[in-house]
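Colleague: 3D model of this:
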Amino acid sequence: MPHPQQAIHSLSLLTAKGHPEVHSTARGDIEDASTAAQAFWLNASKNLTWFRPPTIAYGPSYHSSRPTWFPDGVFNTCFEALDRHCLPNSSNPKPGNRPCVHHVSVMPEARNKPAQTLTYDEMLERVKVLSGVLSHKLGVKKGDRVVIYMSMVPECAIAMLSCARIGAIHSVVFGGFAPRELAKRIDDAQPVAILATSCGIEPRGVIDYKPLVESAIKYSKHPPKSLLLLRRSHILNHVATPVNPHATPTAEYDWDLECRTLPKAHRVEECEKMRSDDVLYTLYTSGTTALPKGVVRYGGGHAVALRYSMEHVFGMQENDTMFTASDLGWVVGHSYILYAPLLRGCATVIFEGKPTIPDAGIFWKVVEQYKVAALFTAPTALRAISRNDPAAELMRSHNLKSLRAVFLAGERSEPNIIKKYQALLEELGAKGAIVDDNYWSTESGSPITAISLSSAFPPLKPRPGSAGLPLPGMDVRVVNDDGVEVARGELGNIVLAKPLAPSALATLWQNEQKFHDAYFERFKKYGWFDTGDAGMIDQDGYVHVLSRADDVMNVAGHRLSTSLLEQVISSHNLIAECCVVGKPDELKGHVPFALVALSASEEAKDAQEVGLLKDVNKLIREDIGAIAALDGLVIGRLPKTRSGKTLRRTIRGIVESCSNGEYSHKPVYPPTIEDVSIVEEASQIIAEYFRHRSRRSTIPKAKF
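Modeller: Here you go, the predicted structure:
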């Protein structure tokens, strides 16, 4: 018999397996909706408090020619996240007097105010006030856009909820983005106002945000009318610059002053009634080229899906605490720092810091202090922790008995990191605790695959190397380059069948054509949604996400996944992490090349590239085959985004240029980069490798 997770997934799908042609039209989507699936999602929607409950799960949209989720429902996300948890009831006259947000800042500059906790009542009061400032001082109305450019502080969450309360569309831009990148997002969203903090804190120190915002406004073709600035006066080595209400073209206002002086009559006591298919937020994805894509999220499906996932995927109960070590500027932060925990009535941790500052035990200290039930982080964070604390001594120094799961996402989790922390959780965590790898994207809004931690049935065992099973509403297929489904166990393109899950994007902001071109054009014959990822589904239905589709190498006619190679390479005891890319080769097309980062062990300090390459290739030949052996290897640091993703495309560009003798080629990298100096360092290391290799190839052979 199938596991309950598999049965629930099948029940929740709205597509007819084996009949992809029906996905080519919106009408086909609606007609394909089964009675059981309609009942499943309508039942899930009953966990929300609607001003007008939906009567259908999926049907014609008020705003678009395409169908959408719960189109006749009326509600408000802020009401769901805050107000309803604060309403007195017969058993508890003050239900909002419990933790809602724990803010933790572990950076040295924040030691004057390292932590604070806000209750649901306190969060609601602050949201009512800020909503009034937005409405009455800044003139923000329903449907207006508000750009939020803030550090990891509770006020960022308050700003998002305040926008939702009055029906404004928030667009959070990761604090510290370069001015020209911020200007691109301003011009696309055309916001009425910008909300910003005066600074953020990075490992290199305090970063002043106001000059960055001022530059972005200068570059922008559509500058906003107002800037509301939260001046962080308690940060060491930072003096918040004053605001200028008479500045042009953007008047500046002081956040605290405006909130303190807001007339009581201007507080927003009632939430705006929103249609389910009204836009809650836009969130921009970015790349190394072209303009960012503004992902549009409708409120109704988003709330239903996140509320469902918190209980039945993440296994969170009301009053549990969730610690998502991401940023509110990313989709993970939107979904699982803010909205999902509050929709479920949980407490959430807003963490300003890094996984190894002040030491590699900080995550475990936070887990112990706030009795965290679920930690959600990126594999790169666990790699950094493991590199600095290889024996897990710091982890063992904390009481982790509240911890039921560690969720990993953002990049592929290699099996050895899952196995290590699974063993540690079994030793140190709650009974039955697991490491739960899950797969999703900005576009999906919530996990596509995972191991469900529903209280209704025991979870399946993690399968290292897999990101779990498809979740309700996520119809995952693997197809070849022509769009035809491949057999289980075969590598191909990961796609989703329509209709997309309730949490998924509705379109791209003001760009319907780009929405079609970016996600549906490649496999338009079958109507698949192109995730851009490559992988396979094994015989038991587990999904294995192996790489981005453009990172599958063709080596002498053999399709090789870079992630599989990285998995084998990282099993070497001296290697902490690595990045494999294809190097152009006249004979084979491409051959594998690796940049590896060493562990912090004493033995690793003496490692040499030649000896390491020999050892690694021995592992590769044993596990994959001789065809996958590395052509070359260099030791260095891996350049990454601020969310922890390795910049594989950047490294590949460096390798391709250097292999062609272009040693001074300037690397291309996205604005989300964590540290530009690491890219420059990697470029120099790789260039020197190829220079040395070129010199060797030109030395005349000895004659005998």
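
Colleague: Export only the CA atoms of the host helix or strand of Val206, formatted as PDB.
Modeller: According to DSSP states H and E, Val206 maps onto strand 205-208. These are the backbone C-alpha positions of strand 205-208, laid out as PDB (Å, rounded to 0.1, in the frame of the first residue of the first chain):
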ATOM      1  CA  GLY A 205      30.900  45.700   9.200                       C
ATOM      2  CA  VAL A 206      28.100  48.200   9.100                       C
ATOM      3  CA  ILE A 207      26.700  49.100   5.700                       C
ATOM      4  CA  ASP A 208      24.900  52.400   5.400                       C
END
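
Colleague: helices or strands up against that strand?
Modeller: Contact analysis of strand 205-208 by 3 or more CB pairs under 8 Å, 6 or more residues apart in numbering; DSSP states H and E lists strand 199-202 as its packing neighbours. To be clear about C-beta, it is placed using only N, CA and C from the backbone, and glycine gets the same treatment.

Colleague: Tell me the strands beside the strand it packs on, with direction?
Modeller: strand 205-208 (antiparallel) (DSSP bridges).

Colleague: And the contacts of whatever helix or strand comes next after the strand it pairs with?
Modeller: Reading on from strand 205-208 to the C-terminus, the next helix or strand found by DSSP H and E is helix 210-219. Contact with helix 210-219 is made by 149, 176-180, 182-183, 186, 194, 196, 198-199, 223-224, 227, 229, 240-241, 249-250, as judged by CB atoms under 8 Å, 6 or more residues apart in numbering.

Colleague: pLDDT at Gly625, what is it?
Modeller: With respect to pLDDT, Gly625 scores 75.

Colleague: buried subset of the contacts of helix 210-219?
Modeller: Among those, those classed as buried by 16 or more other CB atoms under 10 Å are 149, 176-177, 179, 182-183, 186, 194, 196, 198-199, 223-224, 227, 229, 240-241, 250.

Colleague: So which of these sit within strands?
Modeller: Where those overlap with strands, as defined by DSSP state E, the overlap consists of 149, 194, 196, 199, 227, 229.

Colleague: From Phe177, how far off is the fourth one?
Modeller: As defined by CB to CB, to the nearest Å, Cys199 lies at a distance of 14 Å from Phe177.

Colleague: Where does the prediction get shaky in this protein?
Modeller: Low-confidence regions of the chain, defined here as pLDDT under 70, cover residues 1-2, 14-34, 286-290, 549-551, 556-559, 695-704.

Colleague: can you count the residues close to Ala626?
Modeller: Ala626: 9 surrounding residues under other CB atoms under 10 Å.

Colleague: Give me the neighbour count for Asp187.
Modeller: When neighbours are counted by other CB under 10 Å, Asp187 comes out with 16.

Colleague: By residue count, which helix of the protein is the longest?
Modeller: Using DSSP state H, we find that the single longest helix of the chain is helix 676-697.

Colleague: Can you name every helix or strand that the host helix or strand of Met160 contacts?
Modeller: Secondary structure assigned from DSSP H and E places Met160 in helix 154-166. Counting contacts by 3+ CB pairs under 8 Å, 6+ apart, the secondary-structure elements packed against helix 154-166 are helix 77-78, strand 99-105, helix 120-132, strand 145-149, strand 169-172, strand 193-197, strand 279-285, strand 347-352.

Colleague: Please repeat the previous calculation with a cut-off of 6 Å.
Modeller: helix 77-78, helix 120-132 (3 or more CB pairs under 6 Å, 6 or more residues apart in numbering; DSSP states H and E).

Colleague: Could you figure out how far the last one is turned away from strand 99-105?
Modeller: Translated: helix 120-132. Relative orientation of helix 120-132 versus strand 99-105 (axes from the mean of the first three to the mean of the last three CA atoms, to 10 degrees): 80 degrees.

Colleague: now the most centrally placed residue in the chain: how far from Ser441?
Modeller: In the chain, the residue lying closest to the centroid (CA atoms, centre = their mean) is Val332, at 3.9 Å. Applying CB to CB, one obtains 10 Å for the distance of Val332 from Ser441.

Colleague: repeat for Thr261
Modeller: For Thr261 relative to Ser441 (CB to CB), the value is 43 Å.

Colleague: Looking at the two, which has the bigger crowd around it?
Modeller: Each of Thr261 and Ser441 had its neighbours counted (other CB under 10 Å), and the higher figure belongs to Ser441 (19 against 10).

Colleague: Would you mind putting the helices and strands packed on helix 154-166 into a markdown table with distance to Val213 and mean neighbour count alongside?
Modeller: As requested, these are exported to a markdown table (distance: least, CB to CB, whole Å; neighbours: other CB atoms under 10 Å):
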| stretch | distance to Val213 | mean neighbour count |
| --- | --- | --- |
| helix 77-78 | 25 | 28 |
| helix 120-132 | 18 | 22 |
